[in-house]
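In: Predicted model follows, preceded by the sequence.
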Amino acid sequence: MLDEKKSRDLVLILLELEQGEVTPGSRSLARTARELSRQGGLEVRGVLPLGAWALPSLESLAGLDLSKIYAFASSGRPTSGQTARQLIAAVELARPSVVLVGATELGREVAPLAAAHFQTGLTADCTGLRLEGDLLVQTRPAFSGEMLAEIVTPLARPQMATVRAAPEPPETRRQERLPRVEFLRYREPERDLTVLRRTPLGDAGDLVRAPVVVAAGLGLGGPAGVASAAWLAEKLGAALGGTRAVVDRGWLPADKQIGLSGLSVSPRLLVALGVSGSVQFMAGAAGAGTIVAVNSDPRAPILALAQFGLVMELENLWPEFEDIFNTLELNGPRRQANKSRASRPAAPRAPETGPAPQETPRDARTEAREEKRAEDAGRGDRKERKTGKTR
Ligand SMILES: Cc1cc2nc3c(=O)[nH]c(=O)nc-3n(C[C@H](O)[C@H](O)[C@H](O)COP(=O)(O)OP(=O)(O)OC[C@H]3O[C@@H](n4cnc5c(N)ncnc54)[C@H](O)[C@@H]3O)c2cc1C
């Protein structure tokens, strides 16, 4: 741990390079650090693991508006262990009161190694920072994103945080100055992080990339309901995923879970069946283009998020889809484009050529259902309601 009295009014930021140039994430980190500097009069310096690259362009270094950069050369792209050693070396030399690292893949490996070395606190994934006197107030989402926590490190130094990148603001007149660059040596780590095993994403990868996803929720009622959802997914050429509640019950394997503690999907179309739309589920589905939700409860949160909401019992959905797909298959590919737009197909029509269709058990079932619906409608207890809205 650095002695608080000996730490200096200094923010040290870890810079990252891509193709030899400073990454947008590092430019964002520099803006955050400069904002702290404006609040508390702190000097801002950078740590630059160069690897085998030459220094980035002077223009991009000047744009960071840092007073000094500690640069480290090494053969090849530095590992996270080497980068941590370089950061530690710079901290020991400069003794900053604040160290900021990007919440990137590299930053998330390097920052804990350095924080453990100095036995100081580390706040991960900060979305906001401000100074109250000497204290760095670190804001980050907590409790699955439902609250914002403010965290301070009152005793140990340096105060360390990984920071999420913010979008680059439109071009404004910036303060630019060329930093002094000091090349430093560092001690190679005795042990580095080692990749023990790589697991290919497999099916999960398909779900992440699928343009159409069917999401199974608890409202499906059990494995048989999930099997119906799988049938629908197959008919639509979609990938099947589900909520944690479904996975917890063993109705789907864990690698099909969508959400905060599962996969993030971003299909063009998400069909959510019996899914309530919890904050945690939506954390993994926020990237979906159009959401079609089927839920029996008109107050279910997913219906407020979906562009198309069907308030109905799922049990009534399967026969409707069976009718649609049977009709599509009966009418052949030429008519599919028109028929697939129909929300409720009429009884199967005769194909334009070929023999007239015989009555099949399916047709009999369809009629029986329609009779029952007519009776229900007469009693005024029909539960289905379809809503459609646009964003
Ligand atoms: C730290 C943490 C992390 C979490 N991570 C995740 C995560 O990654 N992914 C995730 O999904 N959850 C996650 N959860 C759990 C999350 O809070 C919800 O419990 C879960 O998403 C609910 O799943 P569900 O929508 O299937 O079930 P429910 O919330 O029980 O919803 C079932 C829905 O089905 C409807 N329904 C019932 N019967 C019918 C019917 N016959 N026909 C039509 N609709 C019907 C109901 O109206 C209801 O809206 C997490 C929770 C915590 C605390």
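Out: Yes, it's here.
In: Which of the helices or strands spans the nearest residue to Pro253 once chain neighbours are set aside?
Out: Excluding its sequence neighbours, the residue lying closest to Pro253 (C-beta to C-beta, 6 or more residues apart in numbering) is Val247, at 7.2 Å. Any C-beta I mention is one placed from the backbone N, CA and C, and that applies to glycine too. Assigned by DSSP states H and E, Val247 falls within helix 244-248.
In: how about that helix: buried residues?
Out: 244-247 (16 or more other C-beta atoms under 10 Å).
In: Give me every residue in the chain lying close to the ligand.
Out: Contact residues, the chain versus the ligand (C-beta under 6 Å from any ligand atom): 144, 217-219, 243-246, 257-262, 274-276, 278, 280-281, 284, 294-297, 300, 313-315.
In: Tell me which entries of the residues you listed lie within strands.
Out: Applying DSSP state E to the residues of the chain next to the ligand, the entries found in strands are 294-295.
In: Could you count how many residues lie near the residue of the stretch 251-391 of the chain found nearest the ligand?
Out: Closest to the ligand within the stretch 251-391 of the chain is Gly259: 2.2 Å, counting by C-beta to the nearest ligand atom. When neighbours are counted by other C-beta atoms under 10 Å, Gly259 registers 23.
In: got a pLDDT number for it?
Out: Here, the pLDDT recorded for Gly259 equals 88.
In: What distance do you get for the residue nearest to the spatial centre of the chain to Ala103?
Out: Centroid-nearest residue in the chain, with C-alpha atoms, centre = their mean: Ser264, separated by 5.1 Å. Note on Ser264: its distance to Ala103, by C-beta to C-beta, to the nearest Å, is 16 Å.
In: go on, Glu176?
Out: In terms of C-beta to C-beta, Glu176 sits 26 Å off from Ala103.
In: Show me which of these two is the more surrounded one.
Out: Remark: of Glu176 and Ala103, Ala103 carries more neighbours, 20 against 11, as counted by other C-beta under 10 Å.
In: which residues sit in contact with the more buried one?
Out: Ala103 makes contact with 124-126, 162-165 under the criterion C-beta atoms under 8 Å, 6 or more residues apart in numbering.
In: circling back: CA atoms only: put the helix holding Val247 into CSV for me.
Out: Extracted C-alpha coordinates of helix 244-248, given in CSV (Å, rounded to 0.1, in the frame of the first residue of the first chain):
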residue,chain,number,x,y,z
ARG,A,244,-33.0,-18.3,-15.8
ALA,A,245,-36.2,-19.6,-14.2
VAL,A,246,-36.5,-22.1,-17.0
VAL,A,247,-32.8,-23.1,-16.8
ASP,A,248,-33.0,-23.4,-13.0
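In: Report the secondary structure state of Ile302.
Out: At Ile302 the chain is in helix, as set by DSSP: H, G, I helix; E, B strand; the rest coil.
In: Helix or strand: which one has Ala233?
Out: helix 223-236.
In: Let me know the average pLDDT across that helix.
Out: Across helix 223-236, pLDDT averages out at 94.
In: Show me which positions of that helix end up buried.
Out: Buried residues in helix 223-236, counted by 16+ other C-beta under 10 Å: 225-226, 228-233, 236.
In: Can you give me the pLDDT of the closest residue to Ser264 other than its chain neighbours?
Out: Of all residues not flanking Ser264 in the chain, Gly284 sits nearest, at 4.7 Å (C-beta to C-beta, 6+ apart). Reading off the confidence values, Gly284 has pLDDT 85.
In: Any figure for the gap between Gly284 and Val208?
Out: Separation of Gly284 from Val208 (C-beta to C-beta): 10 Å.
In: Now do the shared contacts for the two.
Out: By C-beta under 8 Å, 6+ apart, the residues touching both Gly284 and Val208 are 263-265.
In: Show me the helices in the chain, by range?
Out: With DSSP state H as the criterion, the chain has helices at 24-40, 58-63, 80-94, 105-118, 203-209, 223-236, 244-248, 279-283, 301-305, 317-331, 333-339, 361-379.
In: Next, format those helices as CSV and append distance to Gly133.
Out: CSV is the format used below for these (distance: least, C-beta to C-beta, whole Å):
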stretch, distance to Gly133
helix 24-40, 8
helix 58-63, 30
helix 80-94, 21
helix 105-118, 21
helix 203-209, 45
helix 223-236, 56
helix 244-248, 42
helix 279-283, 35
helix 301-305, 42
helix 317-331, 60
helix 333-339, 67
helix 361-379, 69
